[in-house]
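Student: Whatever this is, show me its structure:
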Amino acid sequence: MNQMENKRVLVVGMGKSGIAAAQAMIALGADVSVQDSKHESEMDVQLINFLRGKNVTCYFGCEPEDMSIFDLLILSPGVPPTLPFLLEGKEKGAEIVGELELAYRLGNGKYVAITGTNGKTTTTTLTGEIFKAAKKKTYVVGNIGVAVISMAISAEKDAWLITETSSFQLETTKEFRPEVSAVLNLTPDHLNRHKTMDQYRLAKAKTMENQSENQYAVLNYDDDLTYRLKEYTKATVVPFSRLSELEFGAFVKDGRIVIRDKSGKLSDICGISELQIPGAHNVENVLAAAAIAYFSGIDAETIGKAVRAFTGVEHRIEYVGTVDGIRFVNDSKGTNPDSSIKAVQAVEGNILLIAGGYDKGADFKELIEAFDGKVKYMLLLGKTALKLKEQAEALGFTKSILCKNMDECVSKAYELAEKGDTVLLSPACASWDMYTCFEQRGEHFKNCVHRLGI
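Tutor: Numbering: from 1, shown residues only. Below is the predicted model:
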């Protein structure tokens, strides 16, 4: 009998990872219930029919009255583990885990776990491309959009799961232990959930705290808050640096990305001028991906070839097109101020910035200070529009325009822009006030641009 058979399980949150977890539990013979804060009328009819066809008890728009009936509570990343009914279940003996932890316990394969405030998706995607180029059986999973458990249970033992891990996923891990972990950077984010920067940082540290001496933790040497996470792991710490030459690790030397191993041997990866993804932050992402791959046993030539071929990911400083000499760039993945600062810095020339969205409790002062004369106008939408406008005006930036929706933002930006300008969507906020995800927001922006006549 497998360890999940007849186990009484409640899956909380019916997003991608929750649905995948429920499907896996059903397949493994568990007694499955599901819960979501949405009412049944808001749920997908096909999903409801599938669940009920499998005799799954559904709690939509409500919570179970008796939490003592469950052995295991599986949380989707967006569900805070501090909700009263979950704490009640824990008090009555249920274990609380996330889908990532469950996949690690029940599945196969070796893990690379990549986290950080910004750059996770780009670094995870690039790392996956390098592993594929090295002919390794590779699954790119996690916060990037593919539930880990959907691949882990059927994965081969020698497969690699290149996993983008968020703080929400990591905070419910207990045994999770990747072969290689990586923390790219740490800036304030999700403080509405984690409350303090220290709690946010500790959630990120969980990616490496179970690692052993023969495993690797790749850390940003240039970011003191990140590099000090080495205190939380027994793994071999591999630093990467865009600014300093290192005795060990990945760094930039004479305009080239190189890696130095413990013996002092220097391996050349590629020149910075050969990268197809713009911005200093992307040099850091490449350094991290190269270090992950190299210390996973992939040779420098294969790494360099994959890096030179990489053109970036959708919704992250993605060139959409040019209309009447005006460039349009989609950075919908810019869901916090630091990410949008990097986008503003990466774009050359004058910018008309479309920003605003769901309020995660962020402060926008550093973003506005980073405009450095490049941003001509801000077109603002969503819950944070007024907050952004007021903070900008307090700092002397007065060219902010409040808009009802994305269509109005794009049309007004087009009217105000001059030949050679760039209209940049980089919201510095999550999308949840107006869209289901940042991808939907980015697609809407691109559709608005295409209607202008690309």
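
Student: so what are the domain limits for the chain?
Tutor: Annotated domains of the chain cover 8-93, 101-309, 318-451 [automatic domain parsing].

Student: where in the stretch 1-150 of the chain is pLDDT low?
Tutor: Low-confidence segments of the stretch 1-150 of the chain, defined by pLDDT under 70: 1-2.

Student: Any chance of TSV for the domains of the chain, columns mean neighbour count?
Tutor: All C-beta spots, glycine's among them, are computed from the backbone N, C-alpha and C. Shown next, in TSV, are the domains of the chain (neighbours: other C-beta atoms under 10 Å):
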stretch	mean neighbour count
domain 8-93	18
domain 101-309	20
domain 318-451	19
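
Student: Checking residue 34 next. Helix, strand or coil?
Tutor: Secondary structure for residue 34, judged by DSSP: H, G, I helix; E, B strand; the rest coil, is strand.

Student: For residue 67, see how far away it is.
Tutor: Distance check for residue 34 against residue 67: by C-beta to C-beta, to the nearest Å, it reads 14 Å.

Student: ditto for residue 295
Tutor: Relative to residue 67, and taking C-beta to C-beta, residue 295 is found at 44 Å.

Student: try residue 31
Tutor: Distance of residue 31 to residue 67, computed by C-beta to C-beta: 15 Å.

Student: could you point out which element follows whatever helix or strand residue 376 lives in?
Tutor: Using DSSP states H and E, residue 376 maps to strand 375-380. Later in the chain than strand 375-380, the nearest helix or strand by DSSP H and E is helix 385-394.

Student: Give the other helices and strands that that next one contacts.
Tutor: helix 365-369, strand 375-380, strand 400-402 (3 or more C-beta pairs under 8 Å, 6 or more residues apart in numbering; DSSP states H and E).

Student: quick one, the second one and helix 385-394 angle?
Tutor: What separates the directions of strand 375-380 and helix 385-394 is an angle of 150 degrees, with axes from the mean of the first three to the mean of the last three C-alpha atoms, to 10 degrees.

Student: which helices and strands does strand 375-380 pack with?
Tutor: So strand 375-380, by 3+ C-beta pairs under 8 Å, 6+ apart, packs with strand 351-355, helix 385-394, strand 400-402, helix 406-416.

Student: Can you give the contact residues for the longest one?
Tutor: Helix 406-416 has contacts (C-beta atoms under 8 Å, 6 or more residues apart in numbering) with 323, 326, 352, 354, 376-377, 379-381, 401, 403, 423, 425, 434, 441, 444-445, 448-449, 452.

Student: Give me the contact list for the helix or strand following it.
Tutor: From helix 406-416 onward toward the C-terminus, using DSSP H and E, the following helix or strand is strand 422-425. Outside strand 422-425, the residues that touch it by C-beta under 8 Å, 6+ apart are 326-332, 334, 343-344, 347-354, 409-410, 413-414, 417, 441-442, 445, 449.

Student: what's the answer for stretch 100-109, then?
Tutor: 3-4, 21, 24, 28, 74, 97, 111, 139, 142, 147-149, 151-153, 155-161, 163, 165, 169-170, 172-177.

Student: quick one: which of those sit in strands?
Tutor: Within those, residues falling in strands by DSSP state E are 74, 97, 111, 139, 142, 160-161, 163.

Student: In TSV: those residues, plus distance to residue 395.
Tutor: Listed next are the ones in strands among the contacts of stretch 100-109 as TSV, based on distance: C-beta to C-beta, whole Å:
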residue	distance to residue 395
74	44
97	44
111	43
139	45
142	37
160	46
161	44
163	39
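
Student: quick check, nearest of those residues to residue 14?
Tutor: residue 74 (11.4 Å; C-beta to C-beta).

Student: Which residue is the nearest non-sequential neighbour of residue 29?
Tutor: The shortest distance from residue 29 to any non-neighbouring residue, by C-beta to C-beta, 6 or more residues apart in numbering, is to residue 5 (3.9 Å).

Student: Now do the contacts for that neighbour.
Tutor: 28-30.

Student: Looking at those residues, which one is closest to residue 277?
Tutor: Nearest to residue 277 out of the contacts of residue 5 is residue 28 (C-beta to C-beta; 40.1 Å).

Student: State the phi and psi torsions of that closest one.
Tutor: phi -90, psi 0 (degrees, to the nearest 10).

Student: close enough to count as contact, it and residue 4?
Tutor: Yes: Residue 28 is in contact with residue 4 according to C-beta atoms under 8 Å; the separation is 4.0 Å.

Student: before we move on, the earlier item: the inter-axis angle of the strand holding residue 376 versus helix 406-416?
Tutor: Counting by the same axes, to 10 degrees, strand 375-380 lies at 160 degrees to helix 406-416.

Student: what residues does strand 375-380 touch?
Tutor: Strand 375-380 has contacts (C-beta under 8 Å, 6+ apart) with 344, 350-356, 386, 388-389, 392, 397, 399-403, 408-409, 412-413, 416, 421.

Student: go with 7 Å
Tutor: Strand 375-380 is contacted by residues 344, 350-356, 388-389, 392, 399-403, 409, 412-413, 416, 421 when judged by C-beta atoms under 7 Å, 6 or more residues apart in numbering.

Student: Then stretch 47-61?
Tutor: 14, 19, 22, 26, 32-40, 43.

Student: Among the contacts of residue 5, which one lies nearest to residue 183?
Tutor: Nearest to residue 183 among the contacts of residue 5, counting by C-beta to C-beta, is residue 28 at 32.2 Å.

Student: Distance check, that closest one against residue 149.
Tutor: 10 Å.

Student: out of everything not next to it in sequence, what's closest to residue 205?
Tutor: The spatially closest residue to residue 205, leaving aside those adjacent along the chain, is residue 232, at 4.3 Å (C-beta to C-beta, 6+ apart).

Student: which phi and psi does the one you found have?
Tutor: phi -100, psi 10.

Student: dump the residue contacts of it.
Tutor: Contacts of residue 232 by C-beta under 7 Å, 6+ apart are 205, 208-209.

Student: what do you get for residue 320?
Tutor: Residue 320 makes contact with 328-330, 446, 449, according to C-beta under 7 Å, 6+ apart.

Student: Thank you kindly, that will do.
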